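In: Pasting the sequence and the predicted coordinates here, then a few questions.
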Amino acid sequence: MVKYHLNIFAEIEKICRQLSHDKFVEKIELLSGSSIGQHIRHIVEFYVCLFSDKDYVNYDERERNLLIENSPLYTLEVLGILKDKVQNLDFEKNVIFKQSLNDDKVFLSTSYARELIYLGEHTIHHFALIKIGITALCPELDLDQNFGVADSTIKYRSTQTSTKCAS
């Protein structure tokens, strides 16, 4: 699990290093006017929220830190802190998940491991959107062909390819 999330952080770092500041913050019509930086901020803030000092996690209450979406260099600093947190985390430790659904407040017992699985899936979804944005802004940027593709889809595709080749 540690390696999986460190890989996610490495992908974000790669984008922060490869995109110019202007491309990082540029509003992309294809993404409903959002920027690559805004999607990266959204991803990073979920991790920051999980690792906060609160005795519960509520992703809706996360801090909207505009410095993350506007500064790739600052984002790299935050990722350094998150890498340290992931590497020193007790994955089995329980955490309370808090969510508002309409007028109801829901409290669930969960673990850091389960929340990190959720964050991984959440990130893949945003990576897919980021890939669309990067392709529109700077198609010359080299992204892995599986960037933004869920592991289950990658595995499924590999079985389809081998099945087609075998027939």
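Out: Looks like it arrived, so ask away. Numbering: from 1, shown residues only.
In: Flag every buried residue along the top helix by length along the chain.
Out: Assignment by DSSP state H gives helix 112-137 as the longest helix of the chain. Residues of helix 112-137 classed as buried: 112, 114-116, 119-120, 123-124, 126-127, 129-131, 133-134, 137 (neighbour count, 16 or more other Cβ atoms under 10 Å). C-betas here are computed from N, CA, C, even on glycine.
In: Closest to Ile28 out of those?
Out: Nearest to Ile28 among those, counting by Cβ to Cβ, is Gly133 at 4.7 Å.
In: how far away is the closest one from Lys14?
Out: 15 Å (Cβ to Cβ, to the nearest Å).
In: Repeat that for His5.
Out: 15 Å.
In: which one of those two has more residues nearby?
Out: For His5 versus Lys14, neighbours defined as other Cβ atoms under 10 Å are more numerous around His5 (21 against 15).
In: quick one: the more buried one is in a helix?
Out: Yes: applying DSSP: H, G, I helix; E, B strand; the rest coil, one finds His5 inside a helix.
In: How about the contacts made by Asn65?
Out: Counting by Cβ atoms under 8 Å, 6 or more residues apart in numbering, Asn65 makes contact with Arg41, Glu45, Val48.
In: Which residue, other than its chain neighbours, is closest to the second one?
Out: With Cβ to Cβ, 6 or more residues apart in numbering as the criterion, Glu45 has its nearest non-adjacent residue at 4.5 Å, and that residue is Arg62.
In: burial of the one you found, as a residue count?
Out: Arg62, neighbours per other Cβ under 10 Å, totals 18.
In: for it, what are its contacts?
Out: Glu45, Phe46, Val48, Cys49.
In: Any figure for the gap between the third one and Val86?
Out: In other words, Val48. For Val48, the distance to Val86 - Cβ to Cβ - is 12 Å.
In: Give me the more crowded residue out of those two.
Out: With neighbours defined as other Cβ under 10 Å, Val48 and Val86 compare such that Val86 has more, 22 against 18.
In: In which helix or strand does Glu13 reside?
Out: helix 2-18 (DSSP states H and E).
In: which residues touch that helix?
Out: 24, 36, 40, 43-44, 72-73, 75-76, 79, 82-83, 86-87, 89, 116, 119-120, 123, 127, 130, 134, 141-142, 144, 147.
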